[in-house]
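> Structure for this input, please:
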Amino acid sequence: MKDTVKRWLTEEGILKSEISDENADWHFLVEFPPDSGQTNNVIKLKGRDAVLVASGITLSDEHYNALHSLPEEKKRSLIYRSLFLNLIIKMDFNNKATESNYFSSKMVYR
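Residues are numbered from 1 along each chain as shown. From the prediction side, this is the model:
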C-alpha cells in the first residue's frame with residue numbers, strides 16, 4: 001500500500017517528503033492544494049490496519065487575537081461549532097493543539 005499511496009501523491013504533485021515516525025509504518029507530508037503552503041499528513045499507523053489523513057490550519061495573528069479576545073464560552077462555542085460542521089464528513093478535531101494551530105483528521109482506510 002505504501003508504494004501505491006506514494007505513487008499517487010507524487011502523480012498528483014502534492015508529495016513534499018517522507019517523515020521518519022516511530023509511531024507509523026510510513027508517514028508522508030503533502031501540500032494540498034499544490035503550491036499553497038497548506039500541509040497535510042498521510043500516515044499508516046503502526047500496528048493498525050488504518051491510514052490517517054491529518055490536516056491543520058494556522059490562524060493569522062488577526063484571527064488568533066480575535067478568537068482569543070472572545071469570552072471563554074463564546075470561544076468554546078465557536079470551536080465546537082467547527083467540530084460539529086466537521087461531523088458531516090466524520091472528522092476528528094483536536095483543540096489541544098499548539099497555541100495558534102487547530103487540527104482535524106479523518107481515517108480514510110480501515
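> got the residue ranges for the helices in this protein?
2-11, 61-69, 72-86 (DSSP state H).
> and Val51, which of those is closest to it?
Nearest to Val51, of all those, is helix 2-11, at 7.3 Å by CB to CB. All C-beta atoms are positioned from the backbone trio N, CA, C, and that covers glycine.
> got the CA positions of the closest one in PDB?
The C-alpha coordinates for helix 2-11 follow below in PDB (Å, rounded to 0.1, in the frame of the first residue of the first chain):
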ATOM      1  CA  LYS A   2       2.900   2.400   0.800                       C
ATOM      2  CA  ASP A   3       4.100   2.400  -2.800                       C
ATOM      3  CA  THR A   4       0.600   2.900  -4.200                       C
ATOM      4  CA  VAL A   5      -0.100   5.900  -2.000                       C
ATOM      5  CA  LYS A   6       3.400   7.400  -2.600                       C
ATOM      6  CA  ARG A   7       3.000   7.000  -6.300                       C
ATOM      7  CA  TRP A   8      -0.500   8.600  -6.200                       C
ATOM      8  CA  LEU A   9       0.700  11.500  -4.100                       C
ATOM      9  CA  THR A  10       3.700  12.000  -6.500                       C
ATOM     10  CA  GLU A  11       1.500  11.800  -9.600                       C
END
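> Please name every helix or strand in contact with it.
strand 15-18, strand 24-31, strand 39-45 (3 or more CB pairs under 8 Å, 6 or more residues apart in numbering; DSSP states H and E).
> Flag the shaky bits of the protein, pLDDT-wise.
57, 83-110 (pLDDT under 70).
> Chain neighbours aside, what residue packs nearest to the residue nearest the centre of it?
Closest residue to the average C-alpha location of the chain: Ser55 at 1.5 Å, with CA atoms, centre = their mean. Residue nearest to Ser55 in three dimensions, not counting chain neighbours: Asn40, with 4.1 Å by CB to CB, 6 or more residues apart in numbering.
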